[in-house]
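>>> quick check, what structure comes out for this input:
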Amino acid sequence: MKKAIIFALFIGILFCLTGPGYSADVKKGIHVGNAGAFTGDAAAPCMEIFNSAQIAVDEWNAKGGIQGVKIEHVMGDDAMDPAQGVNVAHKFVSDDLMYGVVGPPMSHIAQATLKIYGAADLATITTAASKPELTEQGYKHFFRVNARNDAHGWNCALFMKKNLNAKRVAVLNEKVAYCENMAKETIAGLKKLGITDIMQDTIVGGAKDYSAVLTKVKAYKPDVLFFIATTAPDQAIGVRQTKELGINTIFFGTEGARDKKDFIAAAEGAAEGAYVYHFAPDIYAISAADSYVKKFEGTYGTLSGFGPPSYEAMNILLTAIDQAAQDGDITRKEVVENLHKINNYKGILGFPITFDEKGDLEGGATYFFQVSGNDFKQITVMTGK
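Here you go, the predicted model:
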């Protein structure tokens, strides 16, 4: 009986040592994940995220990888579905060579997978998930290189008042975590600024026809229509039907609309003059990004605003993994600890990156663009003032 108990204890200890948190020889391999919606309506921006991260991985591998070990970049497609996002998270967590993940870029997927990654001490760096609550739950593994919705919402309210002279605002939001939260934060900001004449209604992502709710908007006669949808195809339908219905208003789209093909081209001219906000700056105006831009366009084609933060996030993640691997052994927990030490990381985004104790980006900004021809022109940057 004693021998059986000892053997059982030995097996238990062995299992613990071979779980996600165990210390491993770096030479066994290094995997990094990329979680996003690589199929469906959000495939274009998410593939830009993946391809940009791949450029970073390729550059590290060209210099010898980490401790002489080549890095493997693994795709995890969640198709914008929380259930699939959970499957991706379990897949990454169960891979003993996985030391960090770029993504998920969408708040409702990040929300669904937060506990899974956290329980395994597996670092995740999102490039776009902006719901504030994601970093208010005490998890140490979750980081973001983008500002939160409470910053974006306030900045969007400021932009509507100062730049668009709004007095009457219609807010339409898709019923998912990011959109609902963005609507809430923006409306709170508008009211704080004294703009209380606000219409609010909801839309369904992927509906293909928003004429019913837009007819209500037409009757309301707003100065600005803030169309809070996740994907560029939905934004394109929104701006096109706004014009078709003869709604005389300023169309203001969210970050998902910053896509030349799926928003500007798909809107067939209706997007001209429309505004969008985004979490990333005009990368073409930043000289430090020239090499990245050349590599991306030379390999993958048209670049919007979703790729640059991913290139930055992957480089930061690999830097933390490299630091954790200096002694030849590595744990996921070491990677997380090294990410918390990131201070004034200077990459391609035009501002140094430092994570606060929650994993949030310190000093994040909101960038505002206007559609001009077949491109987006950055017109201002707001930091809460």
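>>> tell me the domain boundaries of the chain?
24-147+286-354, 150-278+367-382 (automatic domain parsing).
>>> show me how far the first one is from its chain's centre.
Distance of domain 24-147+286-354 from its chain centroid, counting by C-alpha atoms, centre = their mean, to the nearest Å, is 10 Å.
>>> skip the chain neighbours and tell me the closest residue to N87.
D78 (7.8 Å; C-beta to C-beta, 6 or more residues apart in numbering). C-beta coordinates here come from the backbone N, C-alpha and C atoms, glycine included.
>>> residues contacting the one you found?
By C-beta atoms under 8 Å, 6 or more residues apart in numbering, the contact list for D78 reads 35-37, 84-85, 87-88, 104, 109.
>>> pLDDT value on it, please?
Listed pLDDT for D78 reads 97.
>>> repeat for G384
pLDDT for G384: 88.
>>> and the most centrally placed residue in the chain, how far is that from G68?
The centroid of the chain falls nearest to A128 when counting by C-alpha atoms, centre = their mean (1.6 Å). Distance of A128 to G68, given as C-beta to C-beta, to the nearest Å: 33 Å.
>>> biggest helix in the protein by residues?
Identified as the longest helix of the chain according to DSSP state H is helix 43-62.
>>> and it, what does it pack against?
Judged by 3 or more C-beta pairs under 8 Å, 6 or more residues apart in numbering; DSSP states H and E, helix 43-62 is in contact with strand 30-36, strand 71-77, helix 290-299, helix 307-324.
>>> in it, what's buried?
For helix 43-62, the neighbour count (16 or more other C-beta atoms under 10 Å) marks 43-57, 59-61 as buried.
>>> quick one: it to helix 290-299, angle?
In terms of direction (axes from the mean of the first three to the mean of the last three C-alpha atoms, to 10 degrees), helix 43-62 departs from helix 290-299 by 120 degrees.
>>> contacts for helix 43-62, please.
Counting by C-beta under 8 Å, 6+ apart, 32, 34, 36-38, 66, 70-71, 73, 75, 102-103, 105, 127-128, 232, 256, 259, 261-262, 292, 295-296, 299-300, 303-304, 306-308, 310-311, 313-315, 318 sit against helix 43-62.
>>> next SSE after the helix or strand containing T242?
Per DSSP states H and E: T242 is located in helix 232-244. Using DSSP H and E, the next helix or strand after helix 232-244 towards the C-terminus is strand 250-253.
>>> burial count for G273?
Applying other C-beta atoms under 10 Å, we find 11 residues neighbouring G273.
>>> quick one: secondary structure of it?
Per DSSP: H, G, I helix; E, B strand; the rest coil, the secondary structure class of G273 is coil.
>>> doesn't Q370 make contact with it?
Yes. Between G273 and Q370 there is a contact under C-beta atoms under 8 Å: 6.6 Å.
>>> list phi and psi for R168.
The phi/psi pair for R168 (degrees, to the nearest 10) reads phi -130, psi 120.
>>> let me know how buried G246 is, in neighbour terms.
By other C-beta under 10 Å, the residues close to G246 number 7.
>>> wait, what's in contact with it?
G246 sits next to K218 when contact means C-beta under 8 Å, 6+ apart.
>>> which residue ranges of this protein form helices?
Counting by DSSP H, the helices of the chain are 2-17, 43-62, 82-93, 107-119, 149-162, 177-192, 211-220, 232-244, 290-299, 307-324, 332-340.
>>> highest average neighbour count across the ones you listed?
Among the helices of the chain, the stretch with the highest mean neighbour count (mean count of other C-beta atoms under 10 Å) is helix 307-324, at a mean of 25.
>>> output it as CSV, nothing but the C-alphas.
Written as CSV, here are the backbone C-alpha positions of helix 307-324 (Å, rounded to 0.1, in the frame of the first residue of the first chain):
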residue,chain,number,x,y,z
GLY,A,307,-0.5,45.5,-38.9
PRO,A,308,2.0,48.0,-37.3
PRO,A,309,0.8,47.4,-33.7
SER,A,310,1.1,43.6,-34.3
TYR,A,311,4.7,43.9,-35.6
GLU,A,312,5.4,45.9,-32.4
ALA,A,313,3.6,43.5,-30.1
MET,A,314,5.5,40.5,-31.6
ASN,A,315,8.8,42.2,-31.2
ILE,A,316,8.1,43.0,-27.6
LEU,A,317,6.9,39.5,-26.9
LEU,A,318,10.1,38.0,-28.5
THR,A,319,12.2,40.4,-26.5
ALA,A,320,10.6,39.1,-23.3
ILE,A,321,11.0,35.5,-24.4
ASP,A,322,14.7,36.2,-25.3
GLN,A,323,15.3,37.6,-21.8
ALA,A,324,13.6,34.7,-20.1
